[in-house]
Each structure stands twice: as structure tokens, then as C-alpha cells.
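>>> For reference, the sequence and a predicted model appear below.
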Amino acid sequence: MEVLKMRWIIVLGIELLAACVFGQDTLKSKPSFFEGSDVYNGRRFMAASALGATTYAAFSVGLYNSWYKNYNQGSFHFFNDAGEWNQVDKAGHVFSAYFQSHFFYRGAKWAGTSENKSIYLGLLGGMLFQSTIEVMDGFSEGWGFSLTDMSANVAGLSCFYFQQKYWGEQRITLKESSWPVNYAQIPIISQSGNAITTLDQRTNQLFGNSKMTRALKDYNVQTYWASINVHSFLGEGNVWPQWLNLAIGYGAGNLYGGFSNEWSSEGESYSYQSDKRYRQYYLALDYDLRKIIKKKAALNAVLQVLNLYKWPAPAIEYNTLEGFKFHLLFRS
């Protein structure tokens with residue numbers, strides 16, 4: 001649903017906090033504030049808990065006041081949004097649940113909590129954040145509690161859980177990339193013939209009119225990735241660079257409405273069928289920034305944040321509108 005458009009603001013806020021507090025150094029000879037504790041540390045656990053609680057409270061209050069209070073509220077109900085936005089929003093739910101669970105896991109490890117407990121605390125934190133959004137949706141008349149959103153949340157949590165539980169590391173990292181585009185001033189006449197709009201005006205209405213808000217909100221320019229660290233799958237002694245990944249991506253295009261390119265605005269109805277909605281699939285090179293610099297705790301913590309973003313790299317695209325394409329440096 002549309003409130004998930006705020007996720008990158010929340011992503012960056014939470015992960016920057018994590019970088020400051022939960023970064024871990026790989027050198028054990030010189031323990032630092034950024035290192036995870038080898039034994040349980042009560043003060044650290046309280047500090048991590050306070051940070052998590054404060055972040056959750058700020059997230060919940062901020063989300064309600066900036067979004068939900070502006071719309072009519074009603075009794076709790078369900079809403080089937082499985083077909084919205086060519087499921088790009090569902091990919092966003094998977095990504096958000098994944099990184100949030102990893103954030104809480106890192107906080108627990110920083111405090112010296114056991115591996116098993118840290119994993120379950122990670123799951124609990126990620127589910128709490130995502131479920132809050134869904135419950136608020138459930139009381140909002142314009143939306144509703146979405147079972148498909150919750151399924152996507154569980155998929156993201158599971159991606160974190162099974163890797164950490166059985167591999168002891170995140171060999172497959174979920175990422176996002178986005179790059180704003182300019183939309184054409186193509187005139188679109190209302191069905192009554194009494195009004196005219198354009199794609200640029202429609203996308204301004206949906207996604208905002210600044211490049212920053214477009215990058216954060218526009219489903220047409222968002223791509224979600226599963227970035228695979230090949231080196232970790234090849235076994236000890238292999239020569240594949242530790243920092244070079246292969247990534248599988250998914251996106252969509254020509255989305256000017258949730259379910260279709262038909263909408264209403266100021267009492268007028270519009271239909272734009274000139275550009276068919278389509279899906280995009282990618283195979284690309286990627287960089288695992290966590291593997292580039294391991295000996296600097298603070299810097300490695302920052303790289304943990306930057307590693308959530310899929311940086312430009314060569315890619316092969318297949319889309320349902322034009323077929324195969326090659327990108328020398330794909331950036332969205």
C-alpha cells in the first residue's frame with residue numbers, strides 16, 4: 001500500500017542509528033565501542049533496547065501523524081491489494097522486513113546476546129515494525145489489513161532467519177535501487193472531455209514533484225534485488241572475489257495507478273492506455289561493500305548502511321514490453 005513509500009526515509013534513519021551503535025569490527029585484538037560483545041553486557045542490552053523502543057515509538061507516532069490521521073478511520077477490516085503496482089510494493093515489504101530484522105539482530109549481538117536469542121529478537125523487532133503498519137491500515141477506511149502484505153513481511157523475515165540460523169551469515173542480501181525520471185507532458189483528456197491532464201501532472205500527484213520524493217516513492221523507478229555473495233557458496237580456497245556478487249532484480253514500469261492506469265481527480269475520470277504496464281527482470285553484477293573494508297569498525301558500520309542500496313553495475317534486463325536489453329551501468 002502507499003504508506004510504504006515512506007520506507008526509505010525509515011530505512012536510512014534506522015540504519016544510520018545502527019551504524020553508530022551496532023557496527024562490528026573484525027579485529028578482536030583491540031576491542032572498541034563498535035565491536036559486538038563476546039559476553040552478555042547488561043548496559044549495552046539496555047542501551048540497545050532503549051534505542052529500539054525509541055525508534056519504534058518515533059516511527060509509530062510519526063507515521064500516524066504524517067499519514068493516517070489525514071484519512072478517515074473506521075472499524076478493523078481486510079483489504080485485498082494483491083494486484084496493486086505489479087507487486088513492486090510487495091517486494092518493498094519483503095525488503096523492509098528483511099533489513100529491520102537484521103537491524104535488531106545486530107543490536108542484540110552488540111549487547112552480547114547469544115546467537116539464537118539474537119536471531120529471535122531480530123524476528124520480533126522486524127515483525128513489530130511491519131505489523132504496526134498493517135494494523136494501522138486495518139483501521140483506515142481507504143485501505144485495510146492486507147494478508148498479502150503480511151505474507152511478504154513473513155518472506156522478508158524468513159530470508160533473514162534461515163540464512164542466519166543455518167549459515168551464520170547473510171549470503172544473500174536484499175537491496176533496493178531507484179533513480180528518478182522525468183515524465184512526458186503527454187496530454188490526457190478526461191472521459192467527459194471537459195478536462196486535460198498530463199503524465200507529469202499525474203505522477204506529481206502520485207509520487208511528488210521533487211527528485212528526492214520521486215526516488216523514494218515512485219514504483220516505476222524502484223528495483224528490488226537479491227544480491228548473492230558467490231564466494232561464500234564456492235567453498236574454502238576459491239578465487240572468486242569476496243566483494244563481487246551476482247544480483248537478481250525485479251521492477252515494473254508504466255504504473256500510473258495501483259491496479260490499472262485509470263484514476264479520478266477533481267471529479268474527472270481518466271484512462272491512459274497508450275503505454276502498457278510491464279514487468280522487468282534483471283541479472284547484474286553487484287558489490288558486497290561489507291567485504292571491501294573489514295578492519296575499520298566505524299567505516300564498516302557505514303558500509304552496512306550503504307550495502308542496502310544496489311549500486312550501478314552491468315546488467316541484463318528482460319521486460320515484458322521490449323524483451324532483452326543490456327545496460328553497461330544499470331542504476332535503477
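Cool, the structure landed.
>>> contacts and neighbour counts: CA atoms only from here.
Noted.
>>> what does the host helix or strand of residue 223 contact?
Secondary structure from DSSP states H and E places residue 223 in strand 222-228. With contacts defined as C-alpha atoms under 8 Å, 6 or more residues apart in numbering, strand 222-228 is touched by 88, 91-92, 95, 171-179, 215, 245-252, 286, 310, 332.
>>> Filter those residues down to the ones in strands?
172-178, 245-252, 286 (DSSP state E).
>>> now the strand holding residue 223 against strand 244-253, angle please.
Counting by axes from the mean of the first three to the mean of the last three C-alpha atoms, to 10 degrees, strand 222-228 lies at 150 degrees to strand 244-253.
>>> Partner strands of strand 222-228, with direction?
Strand 222-228 has the following strand partners under DSSP bridges: strand 172-178 (antiparallel), strand 244-253 (antiparallel).
>>> got the CA positions of it in CSV?
Output of strand 222-228 as CSV, limited to C-alpha atoms (Å, rounded to 0.1, in the frame of the first residue of the first chain):
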residue,chain,number,x,y,z
GLN,A,222,12.3,1.2,-7.9
THR,A,223,14.0,-2.2,-8.4
TYR,A,224,14.4,-4.8,-5.6
TRP,A,225,17.3,-7.2,-5.6
ALA,A,226,18.6,-10.4,-4.1
SER,A,227,22.3,-10.0,-4.1
ILE,A,228,24.2,-13.3,-3.9
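>>> How far does that strand sit from its chain's centre?
9 Å (C-alpha atoms, centre = their mean, to the nearest Å).
>>> Does residue 115 touch residue 106 like I think?
No. With contact defined as C-alpha atoms under 8 Å, residue 115 and residue 106 do not form a contacting pair (10.0 Å).
>>> Neighbour count for those two, which is higher?
More crowded of residue 115 and residue 106, by other C-alpha atoms under 10 Å: residue 106, with 25 against 15.
>>> wait, is that one part of a helix?
Yes. The assignment for residue 106 by DSSP: H, G, I helix; E, B strand; the rest coil puts it in a helix.
>>> Please report how far it lies from residue 113.
According to C-alpha to C-alpha, to the nearest Å, residue 106 stands 10 Å off from residue 113.
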